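> The following comprises the amino acid sequence and a computationally predicted model.
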Amino acid sequence: MGDPLTSERRLNLAQAFNPLGSITGALLGTVFIFSGVELRPNQIADLQAQHQYQAYLRSETLRVIHPYLVVAAVVLLWAILVARTRFPKVGDEQHDAPVPDTATGRLLRTHFITAVIAQFLYVGAQVGTWSYFIQYAQQYTSVPERVAGYLLTGTLAAFAVGRFFSAWLMHRVRPHRLMGVYAIANTALALIAVLHPGWAGMWCLFITSFFMSLMFPTIFALGLKDLGAETKIGGSMLVMAIIGGAILTPAMGKVSQLDGGVALAYTIPVAAYALIALYSFFTSQPRPLPA
């Protein structure tokens, strides 16, 4: 939809509204799921002696039921709306002309394959960073869980600001170069969080949301360049790359069980951002198809 030369900017602007849902979700989760009750070891021992500890754990767990029922209802309503919406055709679908032979094999182009890998790494880094943020803040700054939850809400707000700012900045800086600079910044910030756990590390992780903000839509738009008739299946593969969040996040959990704790687990996002920087500068631009 629109000029392919500005697709990254348009998609970043469109996706700038996504964090509004993330912010709302994190804030509602903090208010309605976190009870604010954090037991000290002696209190846990007393409840265990009175055979009441399991009842306490159950009551804490059941707090997720009502928020998740609301989420399910919203998703169902949205599914109905999507099912009833007619979407415009894409690219070559708008014409009855035969697809040229050069379209065959476009999905094997370097810029697309590396975009799928970069998307896998980005989503894994994003989900992992946010999933362990509260635990990192509690472990290294000793803030209560609700305060940590509000800090998570704040970093999601930084993510939203980054989306709008990046969409504006792309008028002046080429998208792949801007993403490369952002990836380098996040590599450094996450590395500080690993090497200096505490308030400094926590605020560095807080800021990473700003710099990760442009990555999903920019990788997506760059990966779809020059795919022609294979744009839809290419887009599907880029979306399926979000499985990185289901692989790198539990990998961070395994690493966090080592002596280095949660801080050491953030070496995985460090590596992911470094590889995304390499993708941005060296393989994100499509090369001409052979004649």
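In hand now; what should we look at?
> domain parsing for the chain?
If the domains of the chain are taken from automatic domain parsing, they occupy 16-87, 105-291, with pieces of a single domain joined by a plus sign.
> where does the residue nearest the centre of the chain land in three-state SS?
A centroid search over the chain (C-alpha atoms, centre = their mean) returns Gln126, at 3.6 Å, as the residue closest to the centre. Here Gln126 takes the helix state, with states given by DSSP: H, G, I helix; E, B strand; the rest coil.
> Identify whichever of the domains of the chain lies nearest to Glu8.
Each of those has some distance to Glu8 by C-beta to C-beta; the shortest is domain 105-291, at 3.8 Å. All C-beta spots, glycine's among them, are computed from the backbone N, C-alpha and C.
> quick one: low-confidence parts of this structure?
Counting by pLDDT under 70, the chain contains low-confidence residues at 1, 90-104, 290-291.
> For Gly105, the count of nearby residues, please.
Around Gly105 sit 11 other residues, with neighbours defined as other C-beta atoms under 10 Å.
> do you know how far it is from Leu227?
Computed with C-beta to C-beta, to the nearest Å, the distance linking Gly105 and Leu227 is 11 Å.
> do the same with Ile242
Between Ile242 and Leu227 the distance, using C-beta to C-beta, works out to 19 Å.
> What of Leu151?
As judged by C-beta to C-beta, Leu151 and Leu227 stand 40 Å apart.
> Could you pull out the helices in the stretch 151-291 of the chain for me?
Per DSSP state H, counting those that start in this stretch, the stretch 151-291 of the chain carries helices over the ranges 175-195, 199-212, 215-223, 231-240, 244-256, 261-265, 267-282.
> Packed most tightly, which of these would that be?
helix 215-223 (a mean of 26; mean count of other C-beta atoms under 10 Å).
> right, and the residue nearest to the centre of the chain touches Leu214 too?
No. At 11.8 Å, Gln126 and Leu214 do not qualify as touching, with contact defined as C-beta atoms under 8 Å.
> Give me the neighbour count for Val127.
The burial count assigned to Val127 is 19, neighbours taken as other C-beta under 10 Å.
> Likewise for Val75?
With other C-beta under 10 Å as criterion, Val75 counts 10.
> and what of Phe133?
Per other C-beta under 10 Å, the neighbour tally for Phe133 reads 25.
> what sits against it?
If a contact means C-beta atoms under 8 Å, 6 or more residues apart in numbering, then Phe133 has Ala148, Leu151, Leu152, Thr155, Leu205, Phe206 as its contacts.
> how far away is Gly228 from Thr153?
In this structure, Gly228 lies at 42 Å from Thr153, with C-beta to C-beta as the measure.
> The two: who's more crowded?
In this view Gly228 and Thr153 are compared by other C-beta under 10 Å, and Thr153 has more residues nearby, 19 against 16.
> Fine by me, we can end here.
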